[in-house]
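A.B. asks: just coords:
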């Protein structure tokens, strides 16, 4: 069963801490994504990566960074956590759109992060 | 600019009622894909359907059906004879083909089905 695994389901961190959210996929997908989900705002793209060591900013990258050292792993880093980063974080992976028959996002179960 | 609008924030129905979730999109591209995802209380997004811009045929899958109309830039989702298990947040999403692999999501519609 192919899947995207996020390391933590729930996480509580203190303001100012450095936070790592880990995501691993076993589908050999080139693309990986980090989204943030907030009530009334839907899913907003933070960062995405289309290859190892490659990354691009999404719509709301401020306060975040990412790392992709291996194809299967995509990490989201909160350099100094703040209370406005309390949210649900969703990781996803996909093949490139040039494979339309097989194209689609697979999402992880999400990490609910609370910053206190 | 691309945009997906789900004007219905929350819908409540009683079991066995039919319900339609609206989705309106904006894009300048002539080739694009539209999607619906379901997010049950467990949190994981579940893929429901993908439709490309060249295929305007409506689709039916069991109790689910989708109405794609390019003339009104809409891709509406209907659940027939709703069940309690249909309670979830439903997201409509858009991708512009070939120059990006990024999905743009609407804000979601929370559907509550009461017994």
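C.D. replies: Now that the structure is in, tell me what you want to look at. Nothing here was measured: the structure is a model prediction, and the numbers come from that model.
A.B. asks: low-scoring pLDDT stretches of chain B, where are they?
C.D. replies: B:96-99 (pLDDT under 70).
A.B. asks: I'd like to know how far residue A:68 sits from chain B.
C.D. replies: As judged by C-beta to the nearest C-beta, to the nearest Å, residue A:68 and chain B stand 15 Å apart. Backbone N, C-alpha and C define where each C-beta goes, glycine included.
A.B. asks: How far does the helix or strand that residue falls within sit from its chain's centre?
C.D. replies: Residue A:68 is part of strand A:64-70 when elements are defined by DSSP states H and E. Its chain's C-alpha centre and that of strand A:64-70 lie 9 Å apart, by C-alpha atoms, centre = their mean, to the nearest Å.
A.B. asks: Which neighbouring elements make contact with it?
C.D. replies: Applying 3 or more C-beta pairs under 8 Å, 6 or more residues apart in numbering or on different chains; DSSP states H and E, one finds that strand A:64-70 contacts strand A:31-38, strand A:42-51, strand A:54-57, strand A:73-78.
A.B. asks: same thing but at 7 Å, please
C.D. replies: strand A:42-51, strand A:73-78 (3 or more C-beta pairs under 7 Å, 6 or more residues apart in numbering or on different chains; DSSP states H and E).
A.B. asks: partners of the next helix or strand after the last one, with directions?
C.D. replies: From strand A:73-78 onward toward the C-terminus, using DSSP H and E, the following helix or strand is strand A:87-94. Here strand A:87-94 has these sheet partners by DSSP bridges: strand A:31-38 (antiparallel), strand A:106-107 (antiparallel), strand A:111-115 (antiparallel).
A.B. asks: what's the most buried one of the ones you listed?
C.D. replies: strand A:31-38 (a mean of 23; mean count of other C-beta atoms under 10 Å in any protein chain shown).
A.B. asks: number of nearby residues for residue B:48?
C.D. replies: 16 (other C-beta atoms under 10 Å in any protein chain shown).
A.B. asks: Look up phi and psi at the residue nearest to it when sequence neighbours are not counted.
C.D. replies: In space, not counting the residues next to it along the chain, residue B:48 is nearest to residue B:36; the distance is 4.3 Å by C-beta to C-beta, 6 or more residues apart in numbering or on different chains. In this entry, residue B:36 is assigned phi and psi values of phi -130, psi 140 (degrees, to the nearest 10).
A.B. asks: Relative to residue A:38, how far out is residue B:36?
C.D. replies: For residue B:36, the distance to residue A:38 equals 20 Å [C-beta to C-beta, to the nearest Å].
A.B. asks: and if you look at residue A:99?
C.D. replies: Taking C-beta to C-beta, one finds residue A:99 at 31 Å from residue A:38.
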